[in-house]
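**Q** model the structure of this input:
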Amino acid sequence: MGPHGPSESLSPLPSQSVRFVVVLSAKTKQAFQVIGVVATFMVVAIHYRSAVPATLNANDADWNSLAQEFLLGGISRVAVPLFALAAGLFYFASCDGTLANHQAKIRSRISTLLVPYLIMGGVAVGAQLAIRFIERDPVLHSTQGLILTWWLKPPAEQLWFLRDLIVLTVLAPFIGWLLQRASLAVLTSLALLWFNNFQPFPILEGWYVLNIETLLFFVFGGALASRPQWIDRVVNTSLANTVTLTVLWTILVAMRVGLQPNFDAWYVKEYSIATLLLHQIAILVGIAACLAWAGRSESTAWPKLSGLSFFVYLVHEFPLRAVVERFAGMTSLGENSFWIAAPVVTVLCFLCGGMLCQITPTLFQVVAGGRTPMRALQIRSEVAHQGTSIGATQ
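**A** A predicted model of the protein is given here:
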């Protein structure tokens, strides 16, 4: 991080605080670029799902709904934990525990989180009103109701995660204080809540004030910030270990789908103890597998896509999804529409992001919270420089 200004000499928030500031390896940073792109693919896919098994018996479900459940209800469910893990890791990796540092981070996240959240929330609310006007929907909204919808639960469903991150930014000083004193107890308590899918926070305007999954993995990322060697071990693991993790992950997801294809833990409790545990364990194994594969990814395309992935995350849902669903409804695709809609939307969103970045870079930077392909490419140069430095010392 840059200089903190004249107040940098302030003592840490709690007395005798341990500082988090660590240097993450360039390869780990690069791996998280890959993770960001892959997790974005997963989120887009989840939101364009077109078939859900409606039965407890896998033998009664068709291949299409089972395949989508495996990919979207199983494999892709590592996306949110990976995003939250990265957010916690990078927040605390550069956190020195001072009041000035936390204030600087909050100011930074106004532009990187709050502004994109409000922009896309406003677009979604405006689009919803326009659609209702065109369709002559008689539903009326008060000014207060519109503001609450815009601020707390905009129609673009993916924004719930950004709202969670905004809440976590406010809570971060307290989280850091807890991690410095009782990290094992905090992580164990949160893990037990998450394994039981227990949500301790109330619902505000239709969304939890803070989802337990987001909280757990943000805190886990914060704990790993002071132990970067643990992540380095996973990122640098052997190909044999990577394949083993992937096979185990696939088996766990397949077992869960086979036992309960209509599994659902999103604001409902459509699961058994066995299937919930399989689901949660699969997520943990999947996170490790994704990190391991990300560490082996050398293509120069990843950092370029990484600079566009947040933009894609913002724009892929409503109102775009409403347009795509209406168009798909005019075809004969029906419940098979996912297989075409998801990849097409993903490609188009990345292409639009790239064009917007070239045509109006300032607008793109504001909407994407400062995330650009050029900024992402700096990580690639760090990796090359670090590799050269290591080679020169051998």
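**Q** how about the nearest residue to Pro53, chain neighbours excluded?
**A** If the residues on either side of it in the chain are set aside, Pro53 comes closest to Pro261, at 3.6 Å by Cβ to Cβ, 6 or more residues apart in numbering. From N, CA and C alone the C-beta is placed, and that goes for glycine too.
**Q** does that neighbour touch Ala67 like I think?
**A** No - judged on Cβ atoms under 8 Å, Pro261 makes no contact with Ala67 at a distance of 10.7 Å.
**Q** who has more neighbours, these two?
**A** Pro261 (23 against 15; other Cβ atoms under 10 Å).
**Q** let me see the contact set for that one.
**A** 53, 55-58, 61, 65-66, 69 (Cβ atoms under 8 Å, 6 or more residues apart in numbering).
**Q** can you do 6 Å?
**A** Residues near Pro261 by Cβ atoms under 6 Å, 6 or more residues apart in numbering: 53, 58, 61, 69.
**Q** and what of Val345?
**A** Val345 touches His316, counting by Cβ under 6 Å, 6+ apart.
**Q** distance of it from Ser337?
**A** As judged by Cβ to Cβ, to the nearest Å, Val345 and Ser337 stand 11 Å apart.
**Q** mind listing what's buried in stretch 40-54?
**A** 40-51, 53 (16 or more other Cβ atoms under 10 Å).
**Q** output those in TSV, with distance to Val323, pLDDT and secondary structure appended to each entry.
**A** Formatted as TSV, these follow (distance: Cβ to Cβ, whole Å; pLDDT from 0 to 100; DSSP: H, G, I helix; E, B strand; the rest coil):
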residue	distance to Val323	pLDDT	secondary structure
Thr40	20	98	helix
Phe41	20	98	helix
Met42	22	98	helix
Val43	18	98	helix
Val44	15	98	helix
Ala45	18	98	helix
Ile46	18	98	helix
His47	13	98	helix
Tyr48	12	98	coil
Arg49	17	97	coil
Ser50	15	96	coil
Ala51	20	96	coil
Pro53	27	96	coil
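**Q** of these, closest to Thr112?
**A** Thr40 (15.9 Å; Cβ to Cβ).
**Q** pLDDT weak spots in this protein?
**A** Applying pLDDT under 70 to the chain flags the ranges 1-21, 138-140, 379-394.
**Q** how about 50 then?
**A** Low-confidence segments of the chain (pLDDT under 50): 1-18, 388-394.
**Q** most centrally placed residue in it?
**A** Phe83 (3.1 Å; Cα atoms, centre = their mean).
**Q** check which helix or strand covers it.
**A** Assigned by DSSP states H and E, Phe83 belongs to helix 79-93.
**Q** residue contacts, His279?
**A** Counting by Cβ under 6 Å, 6+ apart, His279 has contacts Arg256.
**Q** and the helices in the stretch 251-394 of the chain, which stretches?
**A** Here the stretch 251-394 of the chain has its helices, by DSSP state H, counting those that start in this stretch, at 273-295, 301-315, 320-329, 338-359, 361-367, 373-393.
**Q** tell me the SS of Pro200?
**A** coil (DSSP: H, G, I helix; E, B strand; the rest coil).
**Q** and it, its phi and psi?
**A** phi -80, psi -10 (degrees, to the nearest 10).
**Q** and of the buried residues of stretch 40-54, the nearest to Ile175?
**A** Val43 (24.2 Å).
**Q** please tell me I have it right and that closest one contacts Ala79.
**A** Yes - here Val43 reaches Ala79: they are 5.1 Å apart, a contact under Cβ atoms under 6 Å.
**Q** before we move on, back to that, quick one: which of the helices of the stretch 251-394 of the chain is nearest Val23?
**A** Closest among these, using Cβ to Cβ: helix 373-393, at 10.6 Å.
**Q** what are the bridge partners for Trp207, then?
**A** Leu204 (DSSP bridges).
**Q** what about the nearest residue to Ala223 once chain neighbours are set aside, how many residues nearby?
**A** Residue nearest to Ala223 in three dimensions, not counting chain neighbours: Ser183, with 5.0 Å by Cβ to Cβ, 6+ apart. Using other Cβ under 10 Å, Ser183 has 16 other residues around it.
**Q** so where does Ser183 fall, helix or strand?
**A** helix 159-195.
**Q** just checking, what packs against that helix?
**A** Applying 3 or more Cβ pairs under 6 Å, 6 or more residues apart in numbering; DSSP states H and E, we find helix 159-195 packed against helix 99-109, helix 115-134, helix 212-225.
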